[in-house]
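In: everything below, folded, please.
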Amino acid sequence: MKITKVESFILHVPITPPITDAINVATHWGLSGVRIFTDENIVGYGYTGTCAEGDHMIVDTIDRYYAPILLGKDPFMVKQLWDEMRFGKMHWVGRAGIAHMALAAVDIALWDIMSKAAGRPLWQYLGGHKDKQIKAYNTNGGWLNWSKEKLLQDVTSIVEEGFTGVKIKVGKPDPREDYDRVKAVRKAIGDDVIFMIDVNQQWNINTAMTWGKRLEEFDLFWLEEPLNPDDIMGHKKLADALNVPIALGEHVYTKFAFRDYIHSGAVEYVQADVTRLAGITEWLQVAGLAASYNLPICPHVGDMGQIHQHLVASTQDAIMLEYIPWIRDIFVEPATVRNGFYVLPQMPGASTEIRPDCFEKYRIR
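Out: Got it, this is the predicted structure:
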């Protein structure tokens with residue numbers, strides 16, 4: 001099998017209603033991606049996720065620097081191709097960030113091709129571990145721009161739908177407002193529901209030490225991204241001081257950064273995201289690293305769960321998966337949750353193939 005064409009794309013899918021967390025305002029979810037065509041008529045789809053900003057820099061990297069490496073090559077040589085792209089011309093100016101997000105899109109498309117050629121869903125092609133369903137927790141009811149009344153309405157309806165885990169955003173200018181919202185949510189959902197909070201990097205170490213300790217009374221499952229994602233020492237200090245476990249990984253872009261977080265004891269739930277790391281090839285290395293420290297993996301879903309459902313289903317230490325349904329309807333085989341569990345895909349591939357009508361509808365030319 002040979003690669004015959006590499007075609008980048010950008011899709012912007014509306015988010016209704018628009019959402020905010022402590023750092024982002026999002027009206028659309030962006031897919032910066034690629035279709036890789038082969039001489040055996042198998043097409044691989046891969047993408048990374050954005051808040052609909054910076055997409056052109058990602059696809060320009062694919063077009064200028066990665067596509068020439070891929071043409072005429074065998075997609076099954078995915079690790080060799082990964083090395084050639086990772087250590088190619090972009091290595092001088094970007095060893096993470098845009099370079100890795102672009103590489104993620106390409107790498108995912110290659111794994112999509114391979115699993116399609118094998119006639120297996122990706123989770124089986126990688127070696128299945130969970131063959132029926134995956135526990136889901138829901139993030140889509142806890143946005144920071146929700147009023148307290150809407151927040152409580154949403155989290156209670158999520159529990160009524162069958163979800164046994166919910167996550168909400170914190171990071172208000174006054175942490176006392178966060179405390180009040182967390183207290184109200186815990187009361188509304190009861191003691192048996194898994195409850196997480198996500199700061200989206202907005203606290204400094206003093207705020208995190210003070211309010212992380214105060215919020216322990218609400219039996220939080222984890223405290224997510226409390227500090228700047230480059231501050232390994234700060235997260236280590238928090239992990240040592242708090243009883244609430246620290247979760248992060250959404251903005252950790254390399255296996256080496258995860259190595260330093262994990263080895264120093266600065267993270268307790270590893271939220272490795274395949275669209276921020278350089279694709280499935282690097283995600284699997286991080287998963288193996290986490291397993292050697294007996295740490296659970298709970299991916300952040302920059303892909304909105306389409307690819308991560310396969311990775312969780314094929315990974316022993318992956319215990320559950322975030323659910324945000326913003327873009328599921330654009331896919332040929334959308335990620336589906338029933339009664340609080342992901343239903344595993346059955347079609348060959350990585351569940352990244354986009355419906356032609358949606359591809360044209362949301363494509364940015």
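
In: would you mind listing the outside residues contacting stretch 307-317?
Out: 108, 121-124, 126-131, 134, 273-275, 280, 283-284, 287, 290-291, 294-297, 299, 301, 318, 320-322, 335, 342, 344-345, 350-352 (C-beta atoms under 8 Å, 6 or more residues apart in numbering). C-betas here are computed from N, CA, C, even on glycine.

In: give me the distance between the two termini of it.
Out: Terminal residues of stretch 307-317 are spaced 17 Å apart (C-alpha to C-alpha, to the nearest Å).

In: now do stretch 287-306
Out: End-to-end distance for stretch 287-306: 18 Å, by C-alpha to C-alpha.

In: give me the buried entries from the contacts of stretch 307-317.
Out: Burial by neighbour count, judged by 16 or more other C-beta atoms under 10 Å, picks out 108, 121-124, 126, 128, 130, 134, 273-275, 280, 283-284, 287, 290-291, 295-297, 299, 301, 318, 320-322, 335, 342, 344-345, 350-352 from these.

In: go through those and flag which are in strands.
Out: Here DSSP state E is the test, and the buried ones among the contacts of stretch 307-317 give 134, 321, 322, 342 as lying in strands.

In: outline the domain layout of this structure.
Out: Domain assignment for the chain by automatic domain parsing gives 3-120+356-362, 123-343.

In: redo these as a markdown table? Include mean pLDDT.
Out: Formatted as a markdown table, the domains of the chain follow (pLDDT from 0 to 100):
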| stretch | mean pLDDT |
| --- | --- |
| domain 3-120+356-362 | 96 |
| domain 123-343 | 97 |
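
In: need the contact list for the residue located most distally from the centre of the chain.
Out: Using C-alpha atoms, centre = their mean, the residue of the chain lying farthest from its centre is residue 39. It sits 31.3 Å away. Residue 39 makes contact with 1, 2, 4 under the criterion C-beta under 8 Å, 6+ apart.

In: now secondary structure, neighbour count and distance to residue 257 too, for the residues you listed, in JSON lines please.
Out: Output for those, formatted as JSON lines (DSSP: H, G, I helix; E, B strand; the rest coil; neighbours: other C-beta atoms under 10 Å; distance: C-beta to C-beta, whole Å):
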{"residue": "1", "secondary structure": "coil", "neighbour count": "14", "distance to residue 257": "34"}
{"residue": "2", "secondary structure": "coil", "neighbour count": "13", "distance to residue 257": "35"}
{"residue": "4", "secondary structure": "strand", "neighbour count": "14", "distance to residue 257": "35"}
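
In: so which of those comes closest to residue 15?
Out: residue 4 (35.1 Å; C-beta to C-beta).

In: got the contact list for the closest one?
Out: When the contact criterion is C-beta under 8 Å, 6+ apart, the partners of residue 4 are 37, 38, 39, 71.

In: return the subset of those residues lying in strands.
Out: Residues of the contacts of residue 4 located in strands (DSSP E): 37, 38.

In: in PyMOL, select just the buried ones from the contacts of residue 4.
Out: Buried members of these, defined by 16+ other C-beta under 10 Å, are picked up in PyMOL with:
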select buried, resi 37+38
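
In: want to throw the contacts of residue 4 into TSV with distance to residue 51?
Out: Output for the contacts of residue 4, formatted as TSV (distance: C-beta to C-beta, whole Å):
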residue	distance to residue 51
37	29
38	32
39	37
71	31
